[in-house]
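K.L.:
coords below, sequence missing:
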């Protein structure tokens, strides 16, 4: 069983720890996705305060095994926002849970939650060069819909854009 709940301020350090572990794992494998230590605790805390972060536990009260942000607008990456989508960012899982379907469960939860909010799509993105993650999203039923490049001088890399109807 997996329970997903709105994160509290007390969860910020745990979420950041999961992110750091993911950053280190990606970096060790030469995968461009997140720059190690690019997100400070204050940013995670602010996102929690805004009601954007959710945490997953194997049962109520158990340790956090994963987290994600679910937001209702993402103009930096999806500037043509039309109010019909939920946007997932920052999916992290405890590395000991890797390969156990936790990521897929979190994405499925986000899909259902977006549908409950009246959204017809769930959208996400990843580094365009992250072939493994791109293929993972395709296996999860997301459709590649294009790419987003950022202006010269931006610290962001080009991203691949994916979406999935919430009625699936």
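P.N.:
Alright, I've got the coordinates. Given the structure is predicted, the values throughout are model-derived calculations rather than measurements.

K.L.:
what's the closest non-adjacent residue to the residue positioned nearest the centre of the chain?
P.N.:
Nearest to the geometric centre of the chain sits residue 89, at 2.8 Å (C-alpha atoms, centre = their mean). Of all residues not flanking residue 89 in the chain, residue 69 sits nearest, at 4.3 Å (C-beta to C-beta, 6 or more residues apart in numbering). Placement of C-beta: from N, CA and C, glycine included.

K.L.:
how about the one you found, secondary structure?
P.N.:
strand (DSSP: H, G, I helix; E, B strand; the rest coil).

K.L.:
Okay, and the beta partners of it?
P.N.:
Beta-bridge partners of residue 69, counted by DSSP bridges, are residue 53, residue 89.

K.L.:
Need the three-state assignment for the nearest residue to residue 11 once chain neighbours are set aside.
P.N.:
Distances taken as C-beta to C-beta, 6+ apart put residue 55 closest to residue 11, at 5.3 Å, once the chain neighbours are dropped. Following three-state DSSP, residue 55 is assigned to strand.

K.L.:
Equivalent analysis for residue 126, please.
P.N.:
Secondary structure assignment for residue 126 (three-state DSSP): strand.
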